[in-house]
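# compute the structure for the input listed below.
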Amino acid sequence: MASARRPHLCLGLRRRAVGARDNHRGWPLPQAGASWPLGGGALQALTPSPGHDTLPADCPYPVSHCSKGGDMVRTYRLGVIGFAHMHVNHLLDQFAKLPNVEWVACADTVPAVPSRSSLPGTRLFNLKRAQEVTGIPKVYEDYREMLEKERFDAIIFCPENARHGEVAEAVAEKGIHMLTEKPMAASLSEALRMARAVRANGVALMVNWPTTWSPAIRAMKRLIEEGVIGEVWEVKWRNGASMGPLSYSDPQPSDAEKGAEWWHQAAQGGGALLDYCCYGACLARWFIGERAVAAVGMRANLRSHYGDADDNAVITVRFPSALAVLEATWTTWNSGVPTGPIVYGSRWTLVTDQKVVEVY
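Just a heads-up that it's a prediction; the model follows:
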């Protein structure tokens, strides 16, 4: 008879805000998601933390106003470009909690196919929410016109994945720092386009990876670094149960409404591979600590024929001393078993459900 599955060690983790520190000054980053600066450390400390409640004398950023005590405190003028990705809502909510943020204006990108729905998660819903909930006062039809007419310290942009390069380049050329949502881009060439733009203009680009804010994920990284499980030789990632990005509203959108959204359009960077395999790619690189040397993948549209983007995908990645298996799905009602990430080491194995980390 098989023995019962019992972990050697179980770490219960309560949900809490997890801080990160920028590598320029050590000031706290806003609690919007894990992000790493490509072009410098300028997008840091939208609000001072205890011990950093005034700006240092050599701070390179201009001061917008003074506090009651006369100390200089920075106010940041923020704007938004693109409401295609519903994660924009969470980013705006997090920045809206900060006391020194001034919302200036926003603009959506023009979709290749007009939206047919305004249900939660759609771009029409997201844009309306930015006005009514976040309170962004101005809405432009053209984001380039907005960049010409308004003054910003930073831009949050969440357009279609395939348009990240275009938007980042336009923002960088105006000397504005920026934050975007994962994945960084829909292709390597577009990601390199973004990197060149921010470096050429001396601005910061930050990419939000929500999983890396997870206390469970951070606990896994700590256990790996402490050598608890020995040498990592494989990382497995599969997103949890999901029926696609627009499947959680009530009422449900029709197939025609789903097909009109960029998520289900391959040319716009839609599909499950870019939506979910990117998480595993990020975590595998972080956990293993090496650059990948080879990868092979397969994707398919199995159940979502109202669009031409994939709804399931698998990538197998070779690192110098390890493997990674990355799976993405938009057609799974119930995952049945823990989907991880799961990290196999030479001594022990780590498994998490994003709430608890178990060591076997």
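
# for stretch 123-137, which positions count as buried?
By 16 or more other CB atoms under 10 Å, the buried positions in stretch 123-137 come out as Arg123, Leu124, Phe125, Asn126, Leu127, Arg129, Ala130, Thr134, Ile136. For every residue, glycine as well, the C-beta is placed using N, CA and C.

# secondary structure and pLDDT for those residues - can I get that in a markdown table?
Below are these laid out as a markdown table (DSSP: H, G, I helix; E, B strand; the rest coil; pLDDT from 0 to 100):
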| residue | secondary structure | pLDDT |
| --- | --- | --- |
| Arg123 | helix | 97 |
| Leu124 | helix | 97 |
| Phe125 | helix | 97 |
| Asn126 | helix | 98 |
| Leu127 | helix | 98 |
| Arg129 | helix | 98 |
| Ala130 | helix | 98 |
| Thr134 | helix | 98 |
| Ile136 | coil | 98 |
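
# for the residues you listed, which one is nearest Ser346?
Using CB to CB, Asn126 comes nearest to Ser346 of the buried residues of stretch 123-137, at 45.4 Å.

# is it true that Thr349 touches Gly340?
No. Counting by CB atoms under 8 Å, no contact exists between Thr349 and Gly340, whose distance comes to 10.2 Å.

# who's more crowded, these two?
Of the pair Thr349 and Gly340, Gly340 is the one with more neighbours under other CB atoms under 10 Å, namely 23 against 16.

# ok, that one - contacts?
Gly340 makes contact with Lys236, Trp237, Arg238, Val351, Thr352, according to CB atoms under 8 Å, 6 or more residues apart in numbering.

# of those residues, which one scores lowest on pLDDT?
pLDDT is lowest at Thr352 among these; the value there is 93.

# quick check: phi and psi at Leu91.
phi -60, psi -40 (degrees, to the nearest 10).

# and for it, the neighbour number?
Around Leu91 there are 22 residues (other CB under 10 Å).

# pretty sure it contacts Val207?
No. The pair Leu91 / Val207 is not scored as a contact, 11.7 Å apart, by CB under 8 Å.

# now list whatever residues contact both of those two.
Leu179, Glu181.

# what distance do you get for Ala162 to Trp263?
For Ala162, the distance to Trp263 equals 12 Å [CB to CB, to the nearest Å].

# so these two - more neighbours on which side?
For Ala162 and Trp263, the more surrounded residue by other CB under 10 Å is Trp263, and the numbers stand at 29 against 21.

# quick one: contacts for that one?
Gly244, Pro245, Leu246, Gly270, Gly271, Asp275, Gly307, Ala309.

# can you list the residues you listed in CSV and add neighbour count?
Shown next, in CSV, are those (neighbours: other CB atoms under 10 Å):
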residue, neighbour count
Gly244, 21
Pro245, 20
Leu246, 20
Gly270, 26
Gly271, 27
Asp275, 26
Gly307, 23
Ala309, 23
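
# just curious, which of the residues you listed is nearest to Met298?
For these, the nearest to Met298 is Gly271 (12.5 Å; CB to CB).

# chain center to stretch 283-295: distance?
Relative to its chain's centre, stretch 283-295 lies at 18 Å (CA atoms, centre = their mean, to the nearest Å).

# now do the same end-to-end measure for it.
15 Å (CA to CA, to the nearest Å).

# quick one: contacts of that stretch?
Here stretch 283-295 makes contact (CB under 8 Å, 6+ apart) with 211-212, 217, 220-221, 224, 232, 235, 237, 315-322, 324, 326, 341, 343.

# now swap in stretch 186-198 and tell me
Contacts of stretch 186-198 (CB under 8 Å, 6+ apart): 38-39, 161-162, 164-165, 168-169, 172-173, 178, 184-185, 204-205, 269, 274.

# so Val343, which state does it fall into?
Here Val343 is recorded as strand under DSSP: H, G, I helix; E, B strand; the rest coil.

# for it, what are its contacts?
Taking CB under 8 Å, 6+ apart, we find Val343 in contact with Met220, Ile224, Ile229, Val232, Glu234, Val235, Lys236, Phe287, Thr349, Leu350.

# domains in this structure, as residue ranges please.
65-211, 214-359 (automatic domain parsing).

# mind listing the strands for the stretch 51-200 of the chain?
Ranges of strands within the stretch 51-200 of the chain are 65-66, 72-73, 76-83, 101-107, 139-140, 154-158, 177-181, based on DSSP state E, counting those that start in this stretch.
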